[in-house]
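A.B. asks: Predicted coordinates and the sequence they were generated for:
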Amino acid sequence: MSRPRLLDLFSCAGGAAMGYHRAGFAVDGVDIADRPHYPFPQHRGDALEHLAALITSGEIERYGFAHASPPWQRACALTVGTNASQGWGGTHVDLVARTRALLDATGLPYVIEQPNGRAQIRKHLTLCGEMFGLGVIRHRNFELGGWTTEQPAHVPHRGRVRGYRHGRYFDGPYVAAYGAGGGKATVAEMQAAMGITWTDVREELTEAVPPAYTEWIGRRFLAAGEQSGAVAA
């Protein structure tokens with residue numbers, strides 16, 4: 001059977017894409033940066049301009065589902081306080097509202113992903129690495145457009161994230177897959193903790209969505225579509 005086609009906007013190195021592929025989708029990515037490690041066909045360019053062009057031309061009809069991970073550094077809980085105190089982050093634009101408006105115009109079911117923070121996202125789902133037995137916590141929020149699924153139960157964390165906090169070292173079952181120094185994870189540790197093997201670029205790994213998250217989402221969507229007869233190939 002042919003796979004339903006998914007449009008992966010702001011695709012980065014393909015963490016989300018790999019999960020959807022494992023769930024059963026054929027994936028096309030879009031990212032403004034050169035991403036040579038992305039494991040599927042990818043268009044290099046502005047994601048929202050590309051999406052608008054697909055809508056105008058009618059080519060959006062090739063797709064049955066869309067995922068978007070707009071840039072989030074301006075609103076991320078890990079960076080927003082530091083950025084504000086240092087006067088950083090002025091070039092980071094909140095693209096969630098613009099992304100949502102264009103995705104609504106497609107008529108496609110979709111997902112918008114963001115980390116914890118101030119981004120104006122409708123938190124229909126929150127997923128955590130412990131739900132999937134991963135070596136990171138990495139909470140991520142997902143807005144669902146045009147479809148729904150139930151929020152799974154949050155699994156209690158087994159301990160701390162390994163590393164230094166205020167000059168004191170803490171051990172724990174999870175690695176800090178962001179930044180560098182202070183006991184942060186090595187590239188190899190991040191790859192193992194998130195289940196990502198196709199890129200060894202630290203910056204890509206620190207931003208990646210663990211594939212287990214989107215594999216779970218993709219399977220839920222496809223299962224719901226099969227029950228209703230609404231999944232398009």
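C.D. replies: Received the coordinates, thanks.
A.B. asks: residues of stretch 25-36 that come out buried?
C.D. replies: F25, A26, V27, D28, G29, V30, D31, I32, R35 (16 or more other C-beta atoms under 10 Å). For the C-beta atoms, the positions are set from N, CA and C on the backbone; glycine is no exception.
A.B. asks: Which ones among the residues you listed map onto strands?
C.D. replies: Members of these lying in strands (criterion: DSSP state E): A26, V27, D28, G29, V30, D31.
A.B. asks: excluding its backbone neighbours, what's nearest the third one?
C.D. replies: In space, not counting the residues next to it along the chain, D28 is nearest to P41; the distance is 5.2 Å by C-beta to C-beta, 6 or more residues apart in numbering.
A.B. asks: so P4 touches H21, yeah?
C.D. replies: No. Using C-beta atoms under 8 Å, P4 is not in contact with H21, being 11.4 Å away.
A.B. asks: Quick one: the helices in the chain, in order.
C.D. replies: Here the chain has its helices, by DSSP state H, at 15-23, 47-57, 80-86, 96-106, 187-194, 202-207, 211-228.
A.B. asks: Give me the distance from the fourth one to the chain's centre.
C.D. replies: For helix 96-106, the distance from its own C-alpha centre to the chain's C-alpha centre is 16 Å (C-alpha atoms, centre = their mean, to the nearest Å).
A.B. asks: same thing with the fifth one?
C.D. replies: Relative to its chain's centre, helix 187-194 lies at 17 Å (C-alpha atoms, centre = their mean).
A.B. asks: Please point out which parts of it sit buried.
C.D. replies: Across helix 187-194, burial judged by 16+ other C-beta under 10 Å covers V187, E189, M190, Q191, A192, A193, M194.
A.B. asks: Just send those back as TSV, with distance to V111 and pLDDT too.
C.D. replies: Formatted as TSV, these follow (distance: C-beta to C-beta, whole Å; pLDDT from 0 to 100):
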residue	distance to V111	pLDDT
V187	27	96
E189	28	96
M190	23	97
Q191	24	98
A192	26	97
A193	23	97
M194	18	98
